[in-house]
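*Asks:* Sequence and predicted structure are below.
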Amino acid sequence: QVQLVESGGGLVQPGGSLRLSCAASGRIVSINVMGWYRQAPGKQRELVATMSSSGSANYSDPVKGRFTISRDNAKKMVHLQMNSLKPEDTAVYYCNADVRTSVFNLRTSDAWGQGTLVTVSS
């Protein structure tokens, strides 16, 4: 089993910053892509940012230039630095990882964290 645990959510005023972190643990051989998704009330879950194991990053248009994703492969962690936050960034943020759990094959599986709430409000 693979566990992803997020931390760092909370309440912040518009224009403020937050840093989310996600730690992966369990039966992990390797992790391909790690990333962040979010789900606002009444909306579908959407991509925020992802990063490959080699460090290639991908961002959704709404967060480009404001959010920065980073990884620590040795610690099996991914972070999301969120700056210039807007009320529309309010959502539950989920950590995601594409994980290989067996040394006998190359199959990977999708793991999700429980989510951390980010509220941007004055």
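*Replies:* Sure thing, it's come through. Numbers count the residues shown, from 1 in each chain.

*Asks:* going forward, measure contacts and count neighbours with C-alpha atoms only.
*Replies:* OK.

*Asks:* ok, how many other residues are close to the residue nearest to T68 when sequence neighbours are not counted?
*Replies:* Excluding its sequence neighbours, the residue lying closest to T68 (Cα to Cα, 6 or more residues apart in numbering) is Q81, at 5.0 Å. For Q81, the tally of surrounding residues (other Cα atoms under 10 Å) stands at 15.

*Asks:* partner residues bridging Q81?
*Replies:* R19, T68 (DSSP bridges).

*Asks:* gap between D110 and H79?
*Replies:* 18 Å (Cα to Cα, to the nearest Å).

*Asks:* When the two are compared, which one has more neighbours?
*Replies:* H79 (22 against 12).

*Asks:* Report the contact partners of the more buried one.
*Replies:* R19, L20, S21, C22, I69, S70, R71 (Cα atoms under 8 Å, 6 or more residues apart in numbering).

*Asks:* again, but for R107
*Replies:* R100, T101.

*Asks:* quick one on the thing from earlier: hmm, F67 and the residue nearest to T68 touching each other?
*Replies:* Yes - between Q81 and F67 there is a contact at 5.5 Å, judged by Cα atoms under 8 Å.

*Asks:* what separates D110 from D98, distance-wise?
*Replies:* 5 Å.

*Asks:* and which of the contacts of H79 is nearest to P41?
*Replies:* Of all these, L20 has the smallest distance to P41: 19.4 Å, by Cα to Cα.
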